[in-house]
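Asker: Give me coordinates for this.
(chains A and B)
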Amino acid sequence: MAPERRGRAVGRRTYLRFAGAATASAMLAGCLDGEDPDDPDDVADDDADPDTDDADTDDDDDPDTEDDDASVTITQGQFASTLDPQDHRETPTDNVILQAYEGLLDREPDGTIREGLATDWEYIDEQEGQVRFEFREDVTFHNGDEMTMDDVAFSILRVVDPDVGIVSPQADQLAGVVDAEPDGENAVVVTSDGVNPMVFGNFASYCQVMQESWVEEAGDEVGQDINGTGPYRLEEFTEDEFARFVVYDDYWGDEVEVEEVVYDAASESSTRVNSLLAGESDVVESVPPQDAPRVEDEDGTRIEAVPSTRVLFMPMRNNVEPFDSLEFRQAMNYAIDLETIIDEILAGFGDPTGQPTLEGYVGYNEEIEPYPYDPDTAEELVEESGYSDAEIELHAPAGRYLGDIEIAQAVSGYIDDLPNVSCELEQREFGSLADEILDGDLDTSPEFFMIGWGNTTFDASQTIIPWFGEGTATQAFVDEEVYGLIDEAQNEADEETREETLRETNEYLNEQAPWVFLNRQYSVYGISDRLDWEARQDEHILAKEMGLQ
Amino acid sequence: MSLARFVLRRVLQGLFVIWGVITVVFALRFVTPGSPVDAVAPLDASPELRARIAQELGLDQPIYVQYVDYLFGLLQGDMGYSYISGTPAAVRVFARLPATIELAVAATLVALVFSIPLGVISATRRHKPADYAATSFSLVGISTPNFWLGIMLILIVSVNLGLLPTSRRPIGLLPALELLVFQLEVTGVRTWIAHMILPALTLGTYFTALIVRLTRSGMLDELGKSYVRATRAKGLPETLVRYKHVLRNTLIPIVTILGLQLGTLIGGAVITEFVFSWPGLGTLVINAITSRDWTIIQGSLIVIGAGFVIVNTAVDVLYATINPQVIYD
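Answerer: Now for the predicted structure:
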């Protein structure tokens, strides 16, 4: 039976009104904790549309009211952990807040930098890392106040300077930036601690602009409300459950087709898929490959898949045996049949990789091919390494990345099939694995593990530096030559020369095989046919880019 | 021992258990790898910055100081602040509690509505098709994992038949009742019921199966006793014998199990909540574990543990009250 949009057992307006009631309950709970419900900054829906809060509205049994037609529900695997755009580092949180907050620069779906709040950007002094952004003049925050250059400078400093408000977990994403100051009525000058070739790329991916006075007034409640400049303003919000946005009438940019967007979450993937098939959601993320045909076969739904900015790999710590041997590390790469893994486990939703940098990124080396499947060569290399009969253990998370544990099982199986190596798989809870990797101590990391890395800057350095730079929290490979190449790239102001250095770094890393190179992860979305939407590489789901049929 | 002294003793025992739960849950963080600092620090954080974050989170204090601070905080209703969202943990935990309690109670009601009649039928029609059907259901119900059952129900009832929503809880029971009472709006209650049916069935199936077995064996036990022969010899109608005398005596152990299971349901609804995106404590705990949000994990586990103790204490008291044979000891 093909599900029509009859699946909305509750009209959307009814749902939202009820959710409003839930918000009221949450407010009550807040009062018990001593917070002031009358404080305009305490809750998001103080200026709630009376149409939605009023109980005696239209026919609630009609699932397809006129309002529903321009409303879109997006279901993620995880909900936003906060509404503070600078106090998190998760894509699901970005997806919610980027409906309302905007950055200095923006990106096209394919990653190309485009105008954001800034219309012009240029180097003042490349060697000193000083740049100037010029801003549009018709920008207002959702509370009606005009955006000022002080707000922009404050927002930048709030990310990079722990003494301005918060210790932002995004500080490393604007690495190098040390100061920001208004320059006249509509420009801001940003200063770095030397050459900063990534500065525009970083600002195209990070640092949303917040209003200084609003942030200071909101205090601890800044993560519970939104006052952005984007095309949608927050109408209702229930922590951990859902956020509803409506069109912001005074938006500086083009009109949007989707008038209302609701974000919620379902951790279980089959629940998300079923929610789409039942017509309760319009976009669901992370559709498991095995469910993709079910979505494609249903009338009214389809699959959109796009290579994401996330790469999966298995670092091998080269400060321990047997991974200190180049031959052994290369052997691990020759031992696995990556093409088969992608075809069988990921149903083709993945691209094989042979270098840390993804195709389309600055510094990607197109001459490098993934390691071929060659178990005989792998066996010989293990013999050459002197670590014949080595016993190794692969630590891998389950449920964090598309097909992660299945891929790990396959890799461990391929390696174990070598006659002179035995490999065991240790399935790990992601949090504990991440803790061991991120604690800044290389020696506490597992010797061989699986991880994924998202890099939305479209620049090789933001993968290479964290994993190969000296002393970073995620460093898993120690090599003086890579340090030199990184230094060279980071201190090179000329774009072409820098890109060549990054290509060279990728070539070197391919030869050194510091990882078992795996696949570029795809973002696989289930989408209602009533939406026109081109999925983005950076995993952002932006309602402003959606059209309605 | 008087009832009051019995209750006082049980309450004190309960408080001792809750303190034990708090201590174990607090200690858990220190025996798991990593630090909460990892969850909030930038990847390139310097040792100085990490130390500063640890200081701000109070993690630079000796463990016993942190423990005493935590206990005093709990006494004042303060469970700390979420490391990830920065919001008070107590507010987030208690905001989730109603959804879990609603689900647990609804699952219990489902179990009672189906299990006792099935158990009675099974016992009074022993070795007949109805008995075989009830015992088979019981066996299947006990053996079926919640996770699988929930997904199957969603697939068949929601996706294929389109009868009920797949997931979520757009309105809680109290707001739904408020709408009904103050605005004569029935849609709220109707929506609440529509969203509750599948999760309650999923969570209640195991419980139903358990009580069917309990009722059946209890009834069979009682039916063989001499007072039943006496009531029959007295000429009482069979219905009265079964329901007034036999079932009533069977209910005593069922009430005990009910109480114990309600506590288990509050803690054990995790999988059902996960499958149905039910915004209760279970999903909160799972999400908090994923993000290593220790204050939320600790707060949720303490509330679940305390809920279990409270329900068990209440059942003990109720049991002692309804069964005159129980001695307050």
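Asker: switch to C-alpha atoms for all contacts and neighbour counts from now on
Answerer: OK.
Asker: Now do the SS call for whatever residue of the stretch 51-200 of chain A ends up closest to chain B.
Answerer: Nearest to chain B in the stretch 51-200 of chain A, going by Cα to the nearest Cα, is residue A:169, at a distance of 4.0 Å. Of the three states, residue A:169 takes coil under DSSP: H, G, I helix; E, B strand; the rest coil.
Asker: got a list of what it touches?
Answerer: For residue A:169, the contact set (Cα atoms under 8 Å, 6 or more residues apart in numbering or on different chains) comprises A:86-89, A:159, B:40-43.
Asker: how close does the residue of the stretch 301-450 of chain A found nearest chain B get to residue A:447?
Answerer: Nearest residue of the stretch 301-450 of chain A to chain B, counting by Cα to the nearest Cα: residue A:435, 4.5 Å away. Going from residue A:435 to residue A:447 by Cα to Cα, to the nearest Å gives 14 Å.
Asker: shaky segments in the chain?
Answerer: Picking chain A for this. Residues of chain A meeting the criterion pLDDT under 70: A:1-68.
Asker: right idea, wrong chain: chain B
Answerer: Checking chain B against pLDDT under 70 turns up B:1, B:33-34, B:43-44, B:267-268, B:322-329.
Asker: I figured residue B:285 was touching residue B:303, is that so?
Answerer: No - at 11.2 Å, residue B:285 does not count as touching residue B:303 under the criterion of Cα atoms under 8 Å.
Asker: circling back to that earlier point, by neighbours, which of the contacts of residue A:169 wins?
Answerer: Neighbour counts for the contacts of residue A:169 were taken using other Cα atoms under 10 Å in any protein chain shown; the highest belongs to residue A:159, with 29 neighbours.
Asker: Going by secondary structure, that one is in what exactly?
Answerer: Using DSSP states H and E, residue A:159 falls within helix A:149-160.
Asker: I'd like the next helix or strand past that helix.
Answerer: Counting by DSSP H and E, what follows helix A:149-160 is strand A:177-182.
Asker: who's in contact with residue A:379?
Answerer: By Cα under 8 Å, 6+ apart, residue A:379 lies in contact with A:331, A:335, A:418-420.
Asker: Weed out the non-buried ones from these.
Answerer: The neighbour-count test (16 or more other Cα atoms under 10 Å in any protein chain shown) marks A:331, A:335, A:418, A:420 as buried among the contacts of residue A:379.
Asker: So which residue is smack in the middle of chain A?
Answerer: residue A:91 (3.4 Å; Cα atoms, centre = their mean).
Asker: Just to check, it is in contact with residue A:540?
Answerer: Yes - under the criterion of Cα under 8 Å, residue A:91 makes contact with residue A:540 at 7.1 Å.
Asker: Please name the nearest non-neighbouring residue to residue A:500.
Answerer: residue A:363 (6.7 Å; Cα to Cα, 6 or more residues apart in numbering or on different chains).
Asker: can you redo the buried ones among the contacts of residue A:379 as a markdown table with distance to chain B?
Answerer: Formatted as a markdown table, the buried ones among the contacts of residue A:379 follow (distance: Cα to the nearest Cα, whole Å):
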| residue | distance to chain B |
| --- | --- |
| A:331 | 31 |
| A:335 | 32 |
| A:418 | 33 |
| A:420 | 33 |
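Asker: quick one: which of those is nearest residue A:317?
Answerer: residue A:331 (14.8 Å; Cα to Cα).
Asker: before we move on, which element is the closest residue to that closest one other than its chain neighbours in?
Answerer: In space, and not counting its chain neighbours, residue A:331 is closest to residue A:378: 4.1 Å by Cα to Cα, 6+ apart. Using DSSP H and E, residue A:378 maps to helix A:375-385.
Asker: hang on, the earlier thing: just want the phi and psi numbers for the residue nearest to residue A:500.
Answerer: phi 100, psi 0 (degrees, to the nearest 10).
Asker: what about it, how many residues close to it?
Answerer: For residue A:363, the number of neighbouring residues by other Cα under 10 Å comes to 24.
Asker: ok so residue A:415 is a helix residue?
Answerer: Yes - assessed with three-state DSSP, residue A:415 lies in a helix.
Asker: burial measure for it, as a count.
Answerer: 24.
Asker: Which of the contacts of residue A:169 fall in helices?
Answerer: A:159, B:40 (DSSP state H).
Asker: Just send the contacts of residue A:169 back as TSV, with distance to residue A:481 too.
Answerer: Output for the contacts of residue A:169, formatted as TSV (distance: Cα to Cα, whole Å):
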residue	distance to residue A:481
A:86	34
A:87	35
A:88	33
A:89	30
A:159	32
B:40	31
B:41	28
B:42	26
B:43	22
